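1. mind looking at a prediction? Sequence and model below.
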Amino acid sequence: MLSASPPTASSKRRAQPRQKQLQRRYRRTQFPQRSFSSFRHRARSWPCQRRIGYKAEHTVAGTNLRFLITNCDGPASEIFAFYNHRGECENRIEEFKNGFRADRLSCHRFLANAFRLFLHAAAYNLVNFFRLQLPLPWRSAQIETLRAKLFKLGARVRQTARCVRFHLATGWPFQNLFRDVAFAVNST
């Protein structure tokens, strides 16, 4: 079990020595400082003691304290990493829902909605496969960004007996990137 916890006065008091230590170290080195730790605490409304993990940071922006309540064992840094990865999964679900409008299942029949959801999932997987072929800065782009810059474009389609040709606008700024990715996808 993990849950984010708003900082209470007693939690801040317990983390204050570590925070001051990081602040002094930051002033001395001018490099961002981060530390993870945990302590046991029992609030009046809790039936037993619980483990409170915290992340203390000091950067140019100032002090940053994050707390979470957990019953997991292990170093506090690993628990925070696990918690952050869990949040990343939720980001992917939100991207699927909002970027592909996967929550728009307005048909009256179950099978029709199931098929629409299947099509949304297929489109999501195709875009993720395409995204893996992109250069590193583009791999973390949101679906809306990819759609606006790489997928929504004007083209003239010419079909002959042997092939279908897409003629893209010569002024399109991402033409080289799209061509490189298309060749990479085509060769796999």
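-> All right, it came through fine. Numbering: from 1, shown residues only.
2. what's the span of stretch 145-155 from first residue to last?
-> Across its full length, stretch 145-155 reaches 19 Å between end residues, using C-alpha to C-alpha, to the nearest Å.
3. from the chain's centroid, how far away is that stretch?
-> 22 Å (C-alpha atoms, centre = their mean, to the nearest Å).
4. where along the chain do the helices fall?
-> 9-29, 76-99, 110-132, 136-139, 143-146, 175-187 (DSSP state H).
5. as CSV, the ones you listed with mean pLDDT, mean neighbour count and distance to S38 would be great.
-> Just so you know, the C-beta spots here come from the backbone N, C-alpha and C atoms, and that holds for glycine as well. Listed next are these as CSV, based on pLDDT from 0 to 100; neighbours: other C-beta atoms under 10 Å; distance: least, C-beta to C-beta, whole Å:
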stretch, mean pLDDT, mean neighbour count, distance to S38
helix 9-29, 87, 14, 10
helix 76-99, 82, 13, 5
helix 110-132, 89, 13, 36
helix 136-139, 83, 10, 34
helix 143-146, 84, 14, 37
helix 175-187, 76, 12, 44
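6. save those helices as CSV, and put in distance to R50 too.
-> Formatted as CSV, the helices of the chain follow (distance: least, C-beta to C-beta, whole Å):
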stretch, distance to R50
helix 9-29, 11
helix 76-99, 13
helix 110-132, 38
helix 136-139, 38
helix 143-146, 38
helix 175-187, 49
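7. so which of those helices gets nearest R165?
-> Of all these, it is helix 175-187 that lies closest to R165, at 12.8 Å by C-beta to C-beta.
8. tell me which other helices or strands that closest one touches.
-> On a contact count with 3 or more C-beta pairs under 8 Å, 6 or more residues apart in numbering; DSSP states H and E, helix 175-187 meets helix 110-132.
9. tell me, what residue is most central in this protein?
-> E88 (4.2 Å; C-alpha atoms, centre = their mean).
10. quick revisit: out of the helices of the chain, which is closest to T160?
-> Taking C-beta to C-beta, helix 175-187 is the member of the helices of the chain nearest to T160, at 19.0 Å.
11. tell me the gap between stretch 27-43 and the middle of its chain.
-> A distance of 24 Å separates the centroid of the chain from that of stretch 27-43, by C-alpha atoms, centre = their mean.
12. now do the end-to-end distance for it.
-> 35 Å.
13. going forward, the N-terminal residue is numbered 5.
-> Let's use 5 as the start, then, which means that last one is stretch 31-47.
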